[in-house]
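Student: Structure for this input, please:
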Amino acid sequence: MHRSTRSPIVLVSTGIVLALALSGCSSGGPDDAATPTATETVTATPSASSSSVASSVPSSGSASSSSASGGSASGGSGAAGERCATGSLTGSIEPGSGGAAGSTIVHLALRNTGSTTCTLQGWPGVSFVGGGSGEQIGAAATRDESSAHPTVTLAPGATAVAPLKITQAEDYPTAKCDPVAADGFRVYPPGSTESLFVRDAGVTACRSTDAGLLNVQGLVPEGQAAA
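Tutor: Alright, predicted model coming up:
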């Protein structure tokens, strides 16, 4: 009588299949970790010092003064993340896109000369001043409400710019304009009641408030102005 040897073979085969199945279950693919989403920020980084900086306001002007060398101005500086204090800013006029016939576009630059990071958001108040006394000449700048106006974070030494369109006084009849040479601009940073005097010799203003020459866009980081 012969014994059958089939059963052990079947059992061994079954064991191999089971082992392979268990091995397949324990093998995992690479982890599908979520990729962090980049957050867009509007931050100005320090750059070379401006070529034309704010200088002291004429004696009877009410604007706060800044050093002609572009160094830190007195009056303190805004705490990190807070609105930039006027005393921690210095202003200058920089070349812009050039403008079109009858007008020119320059960049009104505000540089953080304080020791802490601060922010600016919106449109600066701008007007011509002259007579050596800081007296306002003519109408203040109108605002280009359609322009970008993000919150700009300024590290110490960084600059925000606002494109400023200046219409030539010669575009108006002399009787309507009443032209006069200006010493520069009085500039109120957004949200501030204190001002800077930004010298810009060689510009002509209109004494008449009926001849508006200035239109300002919102502040953006230096190098990101559309005009």
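Student: residue contacts, the closest residue to Ala155 other than its chain neighbours?
Tutor: Spatial nearest neighbour of Ala155, excluding adjacent residues (C-beta to C-beta, 6 or more residues apart in numbering): Thr117 at 5.1 Å. For glycine as for every other residue, the C-beta is placed from the backbone atoms N, C-alpha and C. Shown in contact with Thr117 (C-beta atoms under 8 Å, 6 or more residues apart in numbering): Ala80, Gly81, Thr153, Leu154, Ala155, Pro156.
Student: pLDDT at Thr117, what is it?
Tutor: Here, the pLDDT recorded for Thr117 equals 97.
Student: again with Ser97
Tutor: 81.
Student: same question, Leu214
Tutor: On the pLDDT scale, Leu214 is placed at 98.
Student: Setting aside sequence neighbours, what's the nearest residue to it?
Tutor: Spatial nearest neighbour of Leu214, excluding adjacent residues (C-beta to C-beta, 6+ apart): Ala141 at 3.5 Å.
Student: quick one: the one you found and Thr174, what's the gap?
Tutor: Relative to Thr174, Ala141 is positioned 22 Å away (C-beta to C-beta, to the nearest Å).
Student: By neighbour count, which of the contacts of Thr117 wins?
Tutor: Ranked by neighbour count (other C-beta atoms under 10 Å), those have Leu154 at the top, with 29 neighbours.
Student: where in this structure is pLDDT low?
Tutor: Residue ranges of the chain with pLDDT under 70: 1-80.
Student: and if we set it to 50?
Tutor: Within the chain, the stretches with pLDDT under 50 are 1-41, 48-53, 55-78.
Student: Run through the helices of it in chain order.
Tutor: Remark: helices assigned in the chain by DSSP state H are 6-26, 174-177.
Student: Next, the buried residues of the last one.
Tutor: Buried positions in helix 174-177, judged by neighbour count with 16 or more other C-beta atoms under 10 Å: Cys177.
Student: Can I get that helix as PDB, trimmed to CA atoms?
Tutor: The C-alpha trace of helix 174-177 is given here as PDB (Å, rounded to 0.1, in the frame of the first residue of the first chain):
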ATOM      1  CA  THR A 174      -1.000 132.400 -17.300                       C
ATOM      2  CA  ALA A 175      -4.000 134.200 -15.900                       C
ATOM      3  CA  LYS A 176      -5.500 130.900 -14.800                       C
ATOM      4  CA  CYS A 177      -2.300 129.400 -13.400                       C
END
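Student: Check what contacts that helix and list those residues.
Tutor: Helix 174-177 is contacted from outside by Ala169, Cys206, Arg207, Ser208, Asp210, Ala211, using C-beta under 8 Å, 6+ apart.
Student: now do 6 Å
Tutor: Ala169, Cys206, Ser208, Ala211 (C-beta atoms under 6 Å, 6 or more residues apart in numbering).
Student: And the furthest pair within those?
Tutor: Farthest-apart pair in those is Ala169 and Ser208; separation 10.0 Å (C-beta to C-beta).
Student: Which residue of these two possesses the greater neighbour count?
Tutor: For Ala169 versus Ser208, neighbours defined as other C-beta under 10 Å are more numerous around Ala169 (23 against 17).
Student: Could you check how far the more buried one is from Ser147?
Tutor: As judged by C-beta to C-beta, Ala169 and Ser147 stand 24 Å apart.
Student: hang on, Ala162 packs against Ala109?
Tutor: No. Counting by C-beta atoms under 6 Å, Ala162 does not reach Ala109; the two are 8.2 Å apart.
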